[in-house]
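[1] Got a sequence here, can you model it:
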Amino acid sequence: MKKLLIILQDLSAGGAEKMMARLAGALVEAGNDVTLLMLTGGGINVAALDPRVKQVELQSPRSAAAVPALTRFLRNNRFDAQLAALTHVNVIAIAAATMSGTLARLHVSERNAFSRDKHVNPALPVRLAYWLAPLLYRLIPNPVICVSRGVAEDLVDTTLARARDVTIADNPVLDNDFRDKPPRLPTHPWLLEKTTPVIVAVGRLARQKGFDVLLEAFAQLPDRCARLIIFGEGTLRAELLEQAASLGIAQRIDLPGYAADPLAQISAADCFVLSSRFEGSPNALVEALSTGTPVISTRCPYGPQEILADGAVAPLVEVENPAALAQAIALELALPRDLHRQRRLDAAARFVSGRAVHTYLAALLGSPAP
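    Modelled structure (predicted):
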């Protein structure tokens, strides 16, 4: 049994937080002693954490202020490996590991397209973290764990990081027995009593997710009875609702907020759309594939091309092209829903927890667990 530590800011509703919670559970299931440490604390994904995972909350008022407390924790608790996630947390973890003498056991991970993600948050501490991170990645002893080949290549192509400074490990998106689980009932009324085609999207209401483009594409569909549900929370809610009204589709779209069980909603939909401008390795796309529901994605950097085998599994359309997206959606809705269902399930199987945990153990410990 290995003692492993995962370091996060919190367990809020983001994809990285959800995946780290799942990874912690998968590592415990593989026979390890796992602690998940939050620099601040709390978040909706706490409820999804395996009860066997130990939780530590430093309750820091902000991430950067957590360095002294994290340093003391690392000095007083010995782990075989330490894993940090998200760029600003990586920088904090590197500082604390250096001061506590545990840098040799620290691993950091990048979850998104670094060259694009660094422009999302203009706050000075975050900008400073993105400026420092590539330099630190060259100096730390262990390679940066990236969630896709595209993320790794982007980090090397656009920063000081070298090829030997990165490695790749898939996200543990799905349960090992996902094929055997019957779909649960959806909660949205448009999906519970479906009278017309329903398209579903999932993600933060942020510019990265391209929901403004999706609304434009939806407005161009020939089927004027189709409906669109976008599950997620974010700062662009009012802007998206205003756009929907201006496009004349306000009565046919809904933004119901965060979905506790997105798989149940996607399973009942006629089509799932990922309209992102950029990603790292989009977990929602994998979840959608696992339901067998038809999917469409933008060919955004990075992840969809790898997951969908460059369009062999499901259609890929260019980013920022609502006309092409509308055409792809209309075509999918016209085809039998179960066409290529097995192909989608097989593509999703790469991301089961049991497989992913071995890639992480190999990265963290140098060899997979027995």
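
[2] in the helix or strand where Ile6 lies, what counts as buried?
    When elements are assigned from DSSP states H and E, Ile6 belongs to strand 3-8. Under the neighbour-count criterion of 16 or more other CB atoms under 10 Å, strand 3-8 has Leu4, Leu5, Ile6, Ile7, Leu8 buried. (C-beta placed from N, C-alpha, C; glycine too.)

[3] Give me the nearest residue to Val53, chain neighbours excluded.
    Nearest non-adjacent residue to Val53, counting by CB to CB, 6 or more residues apart in numbering: Ala24, 4.5 Å away.

[4] domains of the protein?
    3-172+352-365, 178-349 (automatic domain parsing).

[5] related to what we said a few turns ago, would you tell me what the next helix or strand after the strand holding Ile6 is?
    Following strand 3-8 toward the C-terminus (DSSP H and E): helix 15-29.

[6] Now do that next one: distance to the chain's middle.
    12 Å (CA atoms, centre = their mean, to the nearest Å).

[7] List the buried residues of that helix.
    15-28.

[8] does Val200 really touch Arg227, like I thought?
    No. Counting by CB atoms under 8 Å, Val200 sits too far from Arg227 to count as a contact (9.5 Å).

[9] Name the residue in these two with the higher neighbour count.
    Neighbour tally, Val200 and Arg227, criterion other CB atoms under 10 Å: the higher count belongs to Val200, 29 against 23.

[10] re earlier: would you turn the domains of the chain into TSV with mean pLDDT?
    Supplementary listing: the domains of the chain in TSV, determined by pLDDT from 0 to 100:
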stretch	mean pLDDT
domain 3-172+352-365	96
domain 178-349	97
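
[11] quick revisit: quick check, nearest of the buried residues of strand 3-8 to Pro304?
    Leu8 (25.1 Å; CB to CB).

[12] The residue nearest to Val53: what's it in contact with?
    Ala24 makes contact with Ile6, Val34, Leu36, Leu49, Asp50, Val53 under the criterion CB atoms under 8 Å, 6 or more residues apart in numbering.

[13] State the distance from it to Leu37.
    Counting by CB to CB, to the nearest Å, the gap from Ala24 to Leu37 is 10 Å.

[14] which neighbours do those two share?
    Common neighbours of Ala24 and Leu37, counting by CB under 8 Å, 6+ apart, are Ile6.

[15] can you map out the helices along the stretch 51-200 of the chain?
    Taking DSSP state H, counting those that start in this stretch to define them, one finds helices in the stretch 51-200 of the chain at 67-76, 87-100, 114-117, 124-139, 149-158, 189-192.

[16] Could you say which of these is packed most deeply?
    helix 87-100 (a mean of 23; mean count of other CB atoms under 10 Å).

[17] That helix packs against which elements?
    Contacts defined by 3 or more CB pairs under 8 Å, 6 or more residues apart in numbering; DSSP states H and E place helix 87-100 against strand 3-8, helix 67-76, strand 81-85, strand 106-110, helix 124-139.

[18] Relative to Met99, which of the ones you listed is closest?
    So among these, helix 67-76 is nearest, using CB to CB, at 4.6 Å.

[19] Could I get the CA-only coordinates of the closest one as PDB?
    Provided in PDB are the C-alpha atoms of helix 67-76 (Å, rounded to 0.1, in the frame of the first residue of the first chain):
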ATOM      1  CA  VAL A  67       2.000  28.100   1.200                       C
ATOM      2  CA  PRO A  68       3.100  28.100   4.900                       C
ATOM      3  CA  ALA A  69       0.400  25.700   6.000                       C
ATOM      4  CA  LEU A  70       1.000  23.400   3.100                       C
ATOM      5  CA  THR A  71       4.700  23.400   3.800                       C
ATOM      6  CA  ARG A  72       4.100  22.400   7.400                       C
ATOM      7  CA  PHE A  73       1.700  19.600   6.300                       C
ATOM      8  CA  LEU A  74       4.200  18.200   3.800                       C
ATOM      9  CA  ARG A  75       7.000  18.300   6.400                       C
ATOM     10  CA  ASN A  76       4.900  16.500   9.000                       C
END
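
[20] Okay, angle between that helix and strand 106-110 too, please.
    130 degrees (axes from the mean of the first three to the mean of the last three CA atoms, to 10 degrees).
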